[in-house]
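Chemist: Sequence plus predicted model, see below.
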Amino acid sequence: RFLVPPSKLWQWFEPYSLDSTQFTPYLDKEDVTSFGSFLEGLIIEGKYCGVVLPRLPVSILREIGGWAVLMAECRDRQAVLMAEYR
């Protein structure tokens, strides 16, 4: 959000939005999340480690927010399917 114009932000995030790779984004090793969920948080919450990220225009946030909700649902379905498969 610091380096990319808001209109191009989704083009950068979209390829990683369904990434289920688990990692610890912060010092707390107990806080494990997927890469896709982490990116969704950056967009929706607008914060990273207490740093407030530049605000997105409302029109861009609505567009990206809609996609973020769909991607979250896809990640949830993917997790259920993987659990059933095992």
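Modeler: Thanks, I have it.

Chemist: where does residue 67 land on pLDDT?
Modeler: pLDDT recorded at residue 67 is 80.

Chemist: Leaving out the residues flanking it, which one is nearest to it?
Modeler: Spatial nearest neighbour of residue 67, excluding adjacent residues (CB to CB, 6 or more residues apart in numbering): residue 10 at 6.3 Å. Placement of C-beta: from N, CA and C, glycine included.

Chemist: Got the phi and psi for the one you found?
Modeler: Phi and psi for residue 10, reported as degrees, to the nearest 10, are phi -60, psi -30.

Chemist: check contacts around residue 19.
Modeler: 34, 35, 36 (CB atoms under 8 Å, 6 or more residues apart in numbering).

Chemist: On the three-state scheme, it is what?
Modeler: For residue 19, the assignment made with DSSP: H, G, I helix; E, B strand; the rest coil gives coil.

Chemist: do the same with residue 42
Modeler: Three-state call for residue 42 (three-state DSSP): helix.

Chemist: Just confirm it contacts residue 49, I think it does.
Modeler: No - counting by CB atoms under 8 Å, residue 42 does not reach residue 49; the two are 10.8 Å apart.
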